[in-house]
Structures are given as C-alpha cells and as structure tokens.
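Participant: this one's sequence-less:
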C-alpha cells in the first residue's frame, strides 16, 4: 500500500522522544511521504529544519487561526519573506495551515478574515496550493475562494462539511482531506457524505498528533496510523484499501507537483 499523509505536525514536541523510530515505522507500513505544516511564525524554522533532515518530508508555512492571539501584524510580511526565500525549494509544497475558525468564539473574525485573505493572496502570488483549516466557516471560506480563484487550489483539511459544500470546494479546484474523524460511528453526516465523493477528490491525512481515529482512541495520533485509517475509510466507501491508497496518493502528487 502506497500512502501519503498530507497533513501532520511532526515538528511538535509530542514526537521529540521517538520521531526517528516513528518515521521508520510509518515508512515500513507504506507511508512514503508526509507534509509538515507550520502554524505560527516561531515554528517555521523548526518545520524547515525537520524536513531538511528527511528527503521525503515536505513543508508548508502559514498562520493558523487558532493561534490568532500570537500572530502580529508584521507576521504576514514575514511569511511573504519566508516564502520568497524558499521559492523553488523542492521540499516547499504549499501555504498552510491557515483558514477560518468560527467554532472558537473568542477569535476575532475580522482579524481572522484579514489574515485569511492575506495568505490566499500569497498562495496566488507564489503559485502554491493552500492548505486550509475550516471550522464552522464553510460559507465564508467558499465565498472568499470564489473571489481569489487559486490556480493550484489546495486541500480542505479535516473536511467535515456537507455534500453540497464538498461539491463547491471541488468546483473551486480543492481536494478534501479525510482522516480519523470519519472512523468514529457518531460522525453520521460525514460518513454519509464520504460515500458520495468522487474518488479523485480525496486525499488522506492524520493531523498527527491530533484527531486520533476510533481504533486508537485516546492515543497520540501518528502517520503510522494512516494504513488503518485508509482501511476504515475504504470500507465506508465500499472499495478496497489499495484502491483508496493509490487514488489518494495520485491526487496528492498531482496537487503538489511531485
């Protein structure tokens, strides 16, 4: 089985004790490539140092809405400078993680939207995919994406919207990131939506160390879990795990230009 984890946070301290062994075990299970996403200015260098240590790790850099209170006005310019410095580097693959989080009511929506649009413009300027965090904000995100019309699209990370929202994202050139959430039986709407998605619209992810699948409830999530996640999702979709693995990997490679 050939797999690509399109969304991880392997730079987080959760992995400091066993990162090397984890990567070796994930590779042994067929997880060939992994994307590590920066979420605030102070962790970009850590992400880049990590991916430089392993040729099959790739980096994306962004300003995550959940860290809104840590972001400063000058961070958007710093992100532009960072992307400009790394422009053309083989292991730079996207802008992200960024987006809108309307679930956390303490996060100022106007500030979120300003950062969101600023980073969409950077994705357009540098011709990179956008890796988006979208929580209870699908209508606003879709409306904004229609204005920006990103040439390379991107991924809606941890997609949990409706089938109608999925169709809108697909029309806009975006892929839908699926991971542990749909393995939980209580995710009724998501599980019903997944079976209706075109196979070429799906990419796989873990969001490690977060969003552990049902079969690893209460444990740290890891790229090592991606084969079991793929198997569970394939069963929901009524296809073989290898079919989902191959299709999602082809889609990821096309998106990132690998």
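Facilitator: Noted; the coordinates are in hand. Predicted, not measured: the structure shown is a model, and the values here were computed from it.

Participant: quick one, what contacts the residue nearest to residue 87 when sequence neighbours are not counted?
Facilitator: Leaving aside its chain neighbours, residue 87 sits nearest to residue 126 (6.3 Å; criterion: Cβ to Cβ, 6 or more residues apart in numbering). Quick note: C-beta positions are derived from backbone N, CA and C, even for glycine. Residues in contact with residue 126 (Cβ atoms under 8 Å, 6 or more residues apart in numbering) are 83-84, 87, 95.

Participant: just the buried ones from these?
Facilitator: 83, 95 (16 or more other Cβ atoms under 10 Å).

Participant: possible to save the contacts of residue 126 as a markdown table with distance to residue 13 and pLDDT?
Facilitator: Formatted as a markdown table, the contacts of residue 126 follow (distance: Cβ to Cβ, whole Å; pLDDT from 0 to 100):
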| residue | distance to residue 13 | pLDDT |
| --- | --- | --- |
| 83 | 25 | 98 |
| 84 | 29 | 98 |
| 87 | 29 | 96 |
| 95 | 24 | 98 |
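
Participant: among the contacts of residue 126, which ones are in strands?
Facilitator: Judged by DSSP state E, the contacts of residue 126 include residue 95 as members of strands.

Participant: hmm, back to that, now the residue nearest to residue 87: phi and psi?
Facilitator: Main-chain dihedrals, residue 126, degrees, to the nearest 10: phi -100, psi 0.

Participant: hang on, the earlier thing: among the contacts of residue 126, which one sits closest to residue 7?
Facilitator: residue 95 (13.4 Å; Cβ to Cβ).

Participant: does the closest one touch residue 59 like I think?
Facilitator: No: Residue 95 lies out of contact with residue 59 (Cβ atoms under 8 Å); the separation is 10.6 Å.

Participant: closest to residue 27 among the contacts of residue 126?
Facilitator: residue 95 (26.4 Å).

Participant: who is the closest one paired with across the strands?
Facilitator: residue 61, residue 130 (DSSP bridges).

Participant: hmm, back to that, want to try TSV for the contacts of residue 126, with distance to residue 9 as columns?
Facilitator: Shown next, in TSV, are the contacts of residue 126 (distance: Cβ to Cβ, whole Å):
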residue	distance to residue 9
83	19
84	24
87	23
95	16
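
Participant: among the contacts of residue 126, name the ones in helices.
Facilitator: 83-84 (DSSP state H).

Participant: where does residue 73 land on pLDDT?
Facilitator: At residue 73, the model reports a pLDDT of 88.

Participant: numbering from 29 from now on, please.
Facilitator: All right, first residue 29 from here; so that's residue 101.

Participant: and it, what does it touch?
Facilitator: Per Cβ under 8 Å, 6+ apart, neighbours of residue 101: none.

Participant: sec struct for it, please.
Facilitator: coil (DSSP: H, G, I helix; E, B strand; the rest coil).

Participant: next one: stretch 272-286 to chain centre, how far?
Facilitator: 13 Å (Cα atoms, centre = their mean, to the nearest Å).

Participant: count of residues packed around the closest residue to residue 259 other than its chain neighbours?
Facilitator: Of all residues not flanking residue 259 in the chain, residue 269 sits nearest, at 4.5 Å (Cβ to Cβ, 6+ apart). Residues near residue 269, counting by other Cβ atoms under 10 Å, number 19.

Participant: over to residue 148?
Facilitator: Using other Cβ under 10 Å, residue 148 has 23 other residues around it.

Participant: circling back: next one: the residue nearest to residue 115, what pLDDT does it get?
Facilitator: Reported pLDDT for residue 154: 98.
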